[in-house]
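**Student:** Below is the sequence, then the predicted model.
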Amino acid sequence: MTRTAVVLAVGVLLGACGAPSYITTPATSPELGSAEFVPVVHPFSVEDSTGRDLELAFLGGFNLPRPQLADIDGDGDLDLVLQEYAGRMLSFVREGTDAGIPRFRLGSWRYLDLDVGEWSRLVDMDGDGDLDLLSEQPFSYISYRRNVGTPGRPRYVAASDTLRDDTGAPIFSDRQNIPQVGDLDCDGYQDLLIGRISGTILRYEATSQSDPVPVFRLLTERFQDLEIITGQGGLHGANTMAFVDYDEDGDPDLFWGDFFEAGLLLFENTGSCASPEFRNTPIRFPREQPLITSGYNAPTFGDVDGDGHLDLVVGVIGGSSDPNTTTIANLHYLQQDASRKFNHRTSQLLPMVDVGSESIPVLIDLDGDGDLDLLLGNKIEPFDRRTSRVYRFENVGTARTPAFRMRMALPVTGRYHFAPALGDLDGDGDLDMLLGGWGATVSYHRNDGGVAAPVWTPTDSAYITITRGTNTTPTLGDLDGDGDLDLLVGEASGPLNFYRNEGTPRTPNFVLVSDTWEDIDVGRRSAPTLADIDGDGDLDLLIGSDEGGLVLYRNQGTRTTPRFVHDTTWALDVPPISAPALGDMDGDGDLDLIVGNVGGGVRYFENRQR
């Protein structure tokens, strides 16, 4: 008889839940002229709207964080390993606490340069006291890497192409489902649990404690006869799980995060360690105040604060309950106190700039005080799905010693995928704004407020309409050296649209020259910016893209007659849907680089002259 777990959830299965692939480029930063761009997560103070300093400000934002707590440096406390993109893990080293919330510093953008596919698990498979690594072997098998180093200095060696069962057959694990490993029944042999999108769980057990490559025997395709279904038509979804003795009663309990479940489900073990018996009816966890998100919650337990009690970190991968609502609040920390109550402390364990998803930045002096401020458009406002927003970060420091503070978003609404571009279009000495968006148009907002206190008045909602495509992403620059601003517009299919300004500095008149300008095509989601990158007096072109990273076109012509040539030797390690902006952020006379991306945050690259 099937023991059915009825789960409340609503929504429609949205297809594969895999993470986007990170751009594969050299790990070292490239040169532009004599410049070298170096990624820095906290080069200067960046505060949120409450005045809290964001210690990992330019980490880039998260949408699909899958966390693990593990002591990766052998110092006795728990660090954080996190996967946001396919193929790589980020590592964070524990550094004390702040008001009871653990603090971490970035250890590595690409932990040990390991390619881990869609998921990873750090676990001591061979019982030698250090952490080995299981990960996805494309596509939907299980790679095993043995740690032949030490707990503090791990060195991973591939032990097999994929784990196999005792018949020699490869063990299949759907890449949308993150399996779990541990000694479930305290017999000294590792168990492997694999959730199925059918709602059932496969249980394997290792056949030996000492084999260099573990072989697993399938014990059951219906672990404990559990079937996780929803109350809305029997939906099952992608899942992740953990089993851990959270209540310290001597046996491990089972936690389940499902695509169609907004909560984190606890299947309590009412048996013993040697003879586990799990309740067939789960409860949302924590009992007192369940964590409710958009679903597909990935839990990891560990004593983060060192008080002897297990704490909980949950990454929200985003399920059927509107994942847009958790594009910012998606890395939760729950601290267990002495009474065994789990208290929710934060929904953004790693404090960073994050405006949701698909951020597009602009660096410009918005208030006329002589330093660069930051505008950041997003795809959809997490708190109001009727619109996207353009957020403003004011530089409250100086040109040489910047310090940014998040202010109110600009009062523009009504479209999605906001992409701002600013320049003095009417020759009155202040900054006007062009605003791209989801459709084929670019709107014009005239500044009627002046230099120090801009007030942008909507003037024309379809000031420019591209000939085809969507996701208009404009940038302004004098491409022909005639003293007025011309216009480039990127779009979803990858080419660039060039509009020459055939008016005057006071009365612009943008005329389409080409919708496939210079035959440039970056694949998808072209996001251009113009700047004199190499300091030779003319405008170069840097273009963001969906999966092709940043693409550099050097101007090998002149200021009045540009000739753009693709620099195929230049590459930079950036996330998908990259959108660049350049400006001298630290007042040292050269251009620094910031990059918006799919995660909704910003990556910062400091220009360090060689």
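**Tutor:** All right, it came through fine.
**Student:** can you tell me how far Thr401 sits from Asn497?
**Tutor:** For Thr401, the distance to Asn497 equals 39 Å [C-beta to C-beta, to the nearest Å]. Heads up, the C-betas are built off the backbone N, CA and C, glycines and all.
**Student:** quick one, which of those two is more surrounded?
**Tutor:** Comparing Thr401 with Asn497 by other C-beta atoms under 10 Å, the one with more neighbours is Asn497, at 25 against 12.
**Student:** The more buried one reaches Ser514, doesn't it?
**Tutor:** Yes - with contacts counted by C-beta atoms under 8 Å, Asn497 reaches Ser514, the gap being 7.3 Å.
**Student:** Secondary structure class of Val598, three-state.
**Tutor:** Secondary structure for Val598, judged by DSSP: H, G, I helix; E, B strand; the rest coil, is coil.
**Student:** Surely it touches Leu64?
**Tutor:** No - if you go by C-beta under 8 Å, Val598 and Leu64 don't touch, sitting 9.5 Å apart.
**Student:** Assumed Pro102 was part of a strand.
**Tutor:** Yes - under three-state DSSP, Pro102 falls within a strand.
**Student:** Against Pro290, how distant is the closest residue to Ser272 other than its chain neighbours?
**Tutor:** Of all residues not flanking Ser272 in the chain, Asp251 sits nearest, at 5.6 Å (C-beta to C-beta, 6 or more residues apart in numbering). To Pro290, Asp251 is 22 Å away according to C-beta to C-beta.
**Student:** show me where the stretch 251-400 of the chain has strands.
**Tutor:** Assigned by DSSP state E, counting those that start in this stretch, the stretch 251-400 of the chain shows strands spanning 253-258, 264-267, 283-285, 297-302, 311-316, 331-336, 342-346, 360-364, 373-377, 390-395.
**Student:** before we move on, the earlier item: comparing Asp251 and Pro290, which shows the higher neighbour count?
**Tutor:** Between Asp251 and Pro290, counting by other C-beta under 10 Å, Asp251 is the more crowded of the two (22 against 14).
**Student:** Make sure Glu518 is indeed in a strand.
**Tutor:** No - applying three-state DSSP, one finds Glu518 to be helix, outside a strand.
**Student:** Would you check that it makes contact with Phe564?
**Tutor:** Yes - with contact defined as C-beta under 8 Å, Glu518 reaches Phe564; the gap is 5.5 Å.
**Student:** between the two, who's got more neighbours?
**Tutor:** Phe564 (19 against 16).
**Student:** Provide a list of residues in contact with that one.
**Tutor:** The contact partners of Phe564, by C-beta atoms under 8 Å, 6 or more residues apart in numbering, come to 518, 520, 540-541, 553-557.
**Student:** Can I get the buried part of those residues as one ChimeraX selection?
**Tutor:** To isolate the buried ones among the contacts of Phe564 in ChimeraX, judged by 16 or more other C-beta atoms under 10 Å, type:
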select :518,520,540,541,553,554,555
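**Student:** sorry, back to before: quickly list what's touching both of Glu518 and Phe564.
**Tutor:** Residues touching both Glu518 and Phe564 (C-beta under 8 Å, 6+ apart) are Tyr553.
**Student:** returning to that earlier point: out of the contacts of Phe564, who's nearest Asp586?
**Tutor:** Asp540 (20.5 Å; C-beta to C-beta).
**Student:** Look up how far Ala70 lies from the most centrally placed residue in the chain.
**Tutor:** In the chain, the centroid-proximal residue (C-alpha atoms, centre = their mean) is Phe62; its distance is 3.0 Å. According to C-beta to C-beta, Phe62 and Ala70 sit 18 Å apart.
**Student:** out of the strands of the stretch 251-400 of the chain, nearest to Ile594?
**Tutor:** strand 360-364 (5.3 Å).
**Student:** and the closest one, what does it pack onto?
**Tutor:** Contacts defined by 3 or more C-beta pairs under 8 Å, 6 or more residues apart in numbering; DSSP states H and E place strand 360-364 against strand 373-377, strand 419-423, strand 579-583, strand 592-596.
**Student:** Need the winner for burial among those strands.
**Tutor:** strand 592-596 (a mean of 27; mean count of other C-beta atoms under 10 Å).
**Student:** Need the mean per-residue confidence for the helix or strand that it is followed by.
**Tutor:** Helices and strands here follow DSSP states H and E; after strand 592-596, the next one along the chain is strand 602-609. Averaging pLDDT along strand 602-609 yields 93.
**Student:** and strand 602-609, which residues are buried?
**Tutor:** By neighbour count on 16+ other C-beta under 10 Å, the buried set for strand 602-609 is 602-607.
**Student:** likewise stretch 387-400?
**Tutor:** For stretch 387-400, by 16+ other C-beta under 10 Å, it's 387-395, 399.
**Student:** Output that stretch as PDB, restricted to C-alpha atoms.
**Tutor:** The C-alpha coordinates for stretch 387-400 follow below in PDB (Å, rounded to 0.1, in the frame of the first residue of the first chain):
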ATOM      1  CA  THR A 387       6.600  46.600 -14.100                       C
ATOM      2  CA  SER A 388      10.400  46.700 -14.000                       C
ATOM      3  CA  ARG A 389      12.300  49.500 -12.200                       C
ATOM      4  CA  VAL A 390      15.400  51.600 -12.500                       C
ATOM      5  CA  TYR A 391      17.200  51.700  -9.200                       C
ATOM      6  CA  ARG A 392      19.500  54.600  -8.200                       C
ATOM      7  CA  PHE A 393      22.700  54.300  -6.200                       C
ATOM      8  CA  GLU A 394      24.000  57.700  -5.300                       C
ATOM      9  CA  ASN A 395      27.700  58.300  -4.800                       C
ATOM     10  CA  VAL A 396      27.800  60.000  -1.400                       C
ATOM     11  CA  GLY A 397      31.600  59.900  -1.400                       C
ATOM     12  CA  THR A 398      33.800  61.700  -3.800                       C
ATOM     13  CA  ALA A 399      35.200  61.000  -7.300                       C
ATOM     14  CA  ARG A 400      38.400  59.500  -5.800                       C
END
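**Student:** three-state assignment of Gln224?
**Tutor:** helix.
**Student:** for Ala399, what are its contacts?
**Tutor:** Counted by C-beta under 8 Å, 6+ apart, Ala399 has contacts 370-372, 584, 587.
**Student:** between those, which is nearest Gly188?
**Tutor:** Set against Gly188, the nearest of these by C-beta to C-beta is Leu372 (60.4 Å).
**Student:** my guess is the closest one meets Asn395, correct?
**Tutor:** Yes - here Leu372 reaches Asn395: they are 6.0 Å apart, a contact under C-beta under 8 Å.
**Student:** Show me the common contact partners of the two, please.
**Tutor:** Joint contacts of Leu372 and Asn395 (C-beta under 8 Å, 6+ apart) are Pro402.
**Student:** I'd say Phe37 and Phe605 touch.
**Tutor:** Yes - counting by C-beta under 8 Å, Phe37 touches Phe605, with 3.8 Å between them.
**Student:** before we move on, the earlier item: biggest separation within the contacts of Ala399, which pair?
**Tutor:** With distances taken as C-beta to C-beta, the most widely separated pair in the contacts of Ala399 is Gly370 and Asp584, at 11.5 Å.
**Student:** Which one's more surrounded, the two?
**Tutor:** More crowded of Gly370 and Asp584, by other C-beta under 10 Å: Asp584, with 17 against 10.
**Student:** So, low pLDDT: which residues of the protein?
**Tutor:** 1-35, 230-234, 610 (pLDDT under 70).
**Student:** So which of the strands of the stretch 251-400 of the chain is nearest Gly548?
**Tutor:** Among these, strand 360-364 comes nearest to Gly548, with 16.6 Å by C-beta to C-beta.
**Student:** That closest one pairs with which strands, parallel or anti?
**Tutor:** With DSSP bridges as the test, strand 360-364 is paired with strand 373-377 (antiparallel).
**Student:** tilt between the strand it pairs with and strand 592-596?
**Tutor:** Orientation check (axes from the mean of the first three to the mean of the last three C-alpha atoms, to 10 degrees): strand 373-377 against strand 592-596 gives 20 degrees.
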